[in-house]
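In: Prediction below, plus the sequence it came from.
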Amino acid sequence: MNNQILRSPMRRDGFARLGDYAAIGEGRSVALIAPDGAIDWWCAPNLDSPPLFDRLLDPEIGGFFQIEPIEDYRTERAYRPDSNVLETRFITQYGSVLITESINSTLAGRLPWSELARRIEGDEGEVELCLTLRFGTAAETRSPWWNNTEQGDVYHLADLMAMLRTTEDWLIAERGDGIIRATLRTRPESHSLVALLVTEREPLAVPDLKAIDARIETSHTAWRDWTHSLSYAGRYADHVRRSALSLKFLWYSPTGALAAAATTSLPEGIGGEKNYDYRYAWVRDACLIIKSFVFLGALEDCKAAFSWLSKTIIRHGTRLRACYTLEGGIVPAESYPPLRGYQHSLPVRIGNNARDQVQLSMYGDMLATAELFIRAGHILDLETSRMLGKLANYCADQWRQKDSGIWELPDEQHYTHSKMACWQALDSAVSLAKAKHIEPTWVKRWERERDRISEWIEQHCWSEQKQAYLFYPHADDKLDAALALVHHYGNTVKPERMLATYRAIREDLGHGSAMLYRYSGVEQEESTFIACSFWLVEALAAMGDTRVAEEAMEEILDKLCQRGNVETFNEMFDVRSGEWRGNMPQGLSHLALICASQALTDHA
């Protein structure tokens, strides 16, 4: 086991550190497990369902499912190699015990119910464990109750039914409507099991315990087989595989949608208001994850995700929304449940108001992704081809508008990144049309508008004094790390200006470090943005500055892969405190690592 060592107690004011959580999932939901054996977050049956366990956001009233030694202990844990099955070893002065955890699936895909399994194996000596299961009330909007049936005790939570199944060696100490407590004493080679079965508005299947136990190994085989099917053979392969497995958590198998993250309201800065709900599919994030899937050779995931995205856009029209639900619908407007918030960071949010913003960069994301999809050897259907032509025409009409930008800011501006992404959209449209993948009727118009955009950028966004492209025109020397995403513009139009911009970004937004803040001045209210740091590595490598790119990559990995983190990355990392911030697992963080590794491989 690649040991990650922590010591008890591991909480402060009821909260575990964000960087200490590990994730398990099955392509429909994700559970987060703290080092003290507590599942503090699980939305079941779906990623965007109300949480069954939500102590992550409120230690006082939130639900959780914990297995922990009664005595003091230390923890060693790691994922099995090439798998998302988690192994945790608790070590006390009297003995040690191994807990293996999985949200189970089959070799044929996910189960028609949710099955969270926890196997307990005695290792050395004796260890007494305490189990506590407290169902979440969805911010006091549902009241759990239990009913004794011939098949066992069934718990009802609004539309959910749940059953806790255990081997006979567990001693139930307390059972009530909302809580279960039990104890277990392990011995060398003892083998026990706990499983939580959940269904929504459907009958509840009650499988045999031996079948549940066996499905832990089946799930491990499925994860391993998927990982071994990947074709990536470049640099940082171990980190790439682990990031690929984290991205699989966010691939919503019922539709092929890609969630931005599995959580809501984890703060970008403690005590601040930047606490958003990321359990939806952003066009930008989905496009970038598809790009990383292409690099990985994950054909099935790539095709399913691209097809879902295309169908969703066709259904809703060419005025793209920033995000959609995992079923392809409209994201709900924000509501604010009365929860304490992680480390008292309020508000807690359900829904996301970014759904109504204008974000012009999405047109570049979508058309560039289509171009990459085709270059990887795939073929567009007629409906998708027509949709891409409509997007290009819409972008050609709308690029002169102000928008909220990639960072979804309330202050609409002519953001440089948005303009460069519109340039990318039309440049990709021209390439696709000339290769006869989309209708060429408007190709001359797209070429002219593309050139007008670059002229506008060079006239309004370049600062001779700063020797960099600014955040937006007349931005008082403010910079934007998102420009690392549009290095293709620099390679094609003004490479010397783009490289100068990247040097300025590293100096101003990283303060000389490879760990970057998103844009100028934001460090007062949030932490460094992990994806931006990797994006700059990719951009520098793609533009030929491989030495600096390699040094930055090593620095970033050295910062992130320490202090017990099992490479389940959040959105942000606070370089001042060494703590993680923001929602998790964060798709942007993991896809950016993969793309940076690919760029360093391609340009070595």
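Out: Thanks, I have the structure now. No experiment lies behind these values; they were computed from the predicted model shown. Numbers count the residues shown, from 1 in each chain.
In: Which of the residues in the longest helix belonging to the chain are classified as buried?
Out: Longest helix in the chain, counting residues (DSSP state H): helix 209-229. In terms of neighbour count (16 or more other CB atoms under 10 Å), helix 209-229 has its buried residues at 209, 212-213, 215-216, 218-220, 222-224, 226-227. Placement of C-beta: from N, CA and C, glycine included.
In: Provide a list of residues in contact with Glu523.
Out: By CB atoms under 8 Å, 6 or more residues apart in numbering, the residues touching Glu523 are Tyr517.
In: I should have written Glu200 there, sorry.
Out: Ala44, Pro45, Ser49, Asp159, Leu160, Met161.
In: what about Tyr342, how many neighbours?
Out: Counted by other CB atoms under 10 Å, the residues lying close to Tyr342 total 22.
In: That one reaches Leu56, doesn't it?
Out: Yes - taking CB atoms under 8 Å as the definition, Tyr342 is a contact partner of Leu56 at 6.4 Å.
In: which residues do these two both contact?
Out: The contact sets of Tyr342 and Leu56 overlap at Leu266 (CB under 8 Å, 6+ apart).
In: Following the chain onward from the lengthiest strand in the chain, which element is next?
Out: Secondary structure of the chain per DSSP state E: the longest strand is strand 114-125. Using DSSP states H and E, the helix or strand that follows strand 114-125 towards the C-terminus is strand 127-134.
In: Provide the strand pairings for that following strand, with the direction of each partner.
Out: Here strand 127-134 has these sheet partners by DSSP bridges: strand 64-69 (antiparallel), strand 179-186 (antiparallel).
In: What lies in contact with it?
Out: Strand 127-134 is contacted from outside by 55, 63-71, 90, 92, 94-97, 120, 164, 166, 170, 178-186, 194, 196, using CB under 8 Å, 6+ apart.
In: which residues of this structure score low on pLDDT?
Out: 1-9, 563-564 (pLDDT under 70).
In: And the helices in it, which stretches?
Out: For the chain, the helices defined by DSSP H occupy 209-229, 237-250, 283-296, 299-316, 361-375, 382-398, 416-434, 443-460, 487-492, 495-509, 530-542, 546-560, 587-602.
In: would you turn these into a markdown table with distance to Gln467?
Out: Output for those, formatted as a markdown table (distance: least, CB to CB, whole Å):
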| stretch | distance to Gln467 |
| --- | --- |
| helix 209-229 | 44 |
| helix 237-250 | 33 |
| helix 283-296 | 28 |
| helix 299-316 | 37 |
| helix 361-375 | 24 |
| helix 382-398 | 29 |
| helix 416-434 | 14 |
| helix 443-460 | 14 |
| helix 487-492 | 14 |
| helix 495-509 | 5 |
| helix 530-542 | 17 |
| helix 546-560 | 17 |
| helix 587-602 | 24 |
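In: nearest to Thr441, of the contacts of Glu200?
Out: For those, the closest approach to Thr441 (CB to CB) belongs to Ser49, at 44.7 Å.
In: was I right about the closest one contacting Cys43?
Out: Yes - counting by CB under 8 Å, Ser49 touches Cys43, with 4.5 Å between them.
In: more neighbours, these two?
Out: Cys43 (22 against 19).
In: re earlier: tell me, what's touching Ser49 and Cys43 both at once?
Out: In contact with both Ser49 and Cys43: Ser29, using CB under 8 Å, 6+ apart.
In: Can you say which of the strands paired with strand 127-134 is packed in most?
Out: Counting by mean count of other CB atoms under 10 Å, strand 64-69 has the highest mean neighbour count of the strands paired with strand 127-134, with a mean of 22.
In: now that one and strand 114-125, what's the angle there?
Out: Put simply, strand 64-69 runs at 10 degrees to strand 114-125, going by axes from the mean of the first three to the mean of the last three CA atoms, to 10 degrees.
In: most surrounded residue in the contacts of Glu200?
Out: That'd be Ala44 among the contacts of Glu200, by other CB under 10 Å, with 27 neighbours.
In: From Phe90, how far out is Glu76?
Out: Between Glu76 and Phe90 the distance is 8 Å, computed by CB to CB, to the nearest Å.
In: Give me the more crowded residue out of the two.
Out: Per other CB under 10 Å, whichever of Glu76 and Phe90 has more neighbours is Phe90, with 27 against 19.
In: right, and the more buried one touches Arg77 too?
Out: No - judged on CB under 8 Å, Phe90 makes no contact with Arg77 at a distance of 9.3 Å.
In: tell me, what's touching those two both at once?
Out: By CB under 8 Å, 6+ apart, no residue touches both Phe90 and Arg77.
In: residues contacting Asn275?
Out: Counting by CB under 8 Å, 6+ apart, Asn275 makes contact with Thr264, Ser265, Leu266, Pro267, Glu268, Gly341, Tyr342, Ser345, Leu346, Pro347, Val348, Arg349.
In: What's the local residue count around the first one?
Out: Okay, so that is Thr264. Thr264 - counted by other CB under 10 Å - has 25 other residues nearby.
In: partner residues bridging it?
Out: Per DSSP bridges, residues listed as beta-bridge partners of Thr264: Asp277.
In: isn't it right next to Pro332, touching?
Out: No - Thr264 is beyond contact range of Pro332, at 11.7 Å (criterion: CB under 8 Å).
In: what touches both of the two?
Out: Shared contacts of Thr264 and Pro332 (CB under 8 Å, 6+ apart): Ile350.
In: Asp600 and Ala542, how far apart?
Out: Residue 600: Leu, not Asp. 10 Å.
In: can you check Arg452 too?
Out: Arg452 is 25 Å from Ala542, by CB to CB.
In: Tell me which of those two has more neighbours.
Out: Comparing Arg452 with Ala542 by other CB under 10 Å, the one with more neighbours is Ala542, at 22 against 15.
In: Please name the residues that touch that one.
Out: Ala542 neighbours (CB under 8 Å, 6+ apart): His487, His488, Asn491, Ala599, Asp602, His603.
In: which of those are buried?
Out: Buried members of those, scored by 16+ other CB under 10 Å, are His487, His488, Ala599, His603.
In: ok, Asp40 touching Leu52?
Out: No - with contact defined as CB under 8 Å, Asp40 does not reach Leu52; the gap is 11.1 Å.
In: how near is Leu600 to Val548?
Out: As judged by CB to CB, Leu600 and Val548 stand 11 Å apart.
In: again, but for Tyr155
Out: Computed as CB to CB, the Tyr155 to Val548 distance reads 56 Å.
In: Who has more neighbours out of the two?
Out: Tyr155 (22 against 17).
In: what's the more buried one in contact with, if anything?
Out: So Tyr155 contacts Phe135, Pro144, Trp145, Trp146, Asn147, Met161, Ala162, Met163, Leu164, Asp177 (CB under 8 Å, 6+ apart).
In: just checking, the last one touches Arg142?
Out: When you say that, I think you mean Asp177. No - if you go by CB under 8 Å, Asp177 and Arg142 don't touch, sitting 11.3 Å apart.
In: For these two, indicate the residue with more neighbours.
Out: Neighbours per residue (other CB under 10 Å) separate Asp177 from Arg142, with Arg142 holding more: 16 against 13.
In: quick one, what contacts the more buried one?
Out: Contacts here follow CB under 8 Å, 6+ apart; on that basis Arg142 touches Pro50, Leu157, Ala158.
In: Tell me how far the nearest residue to Gly136 once chain neighbours are set aside lies from Gly19.
Out: Once flanking residues are discounted, Gly136 sits nearest to Gly63: 2.8 Å by CB to CB, 6 or more residues apart in numbering. Gly63 sits 22 Å away from Gly19, going by CB to CB.
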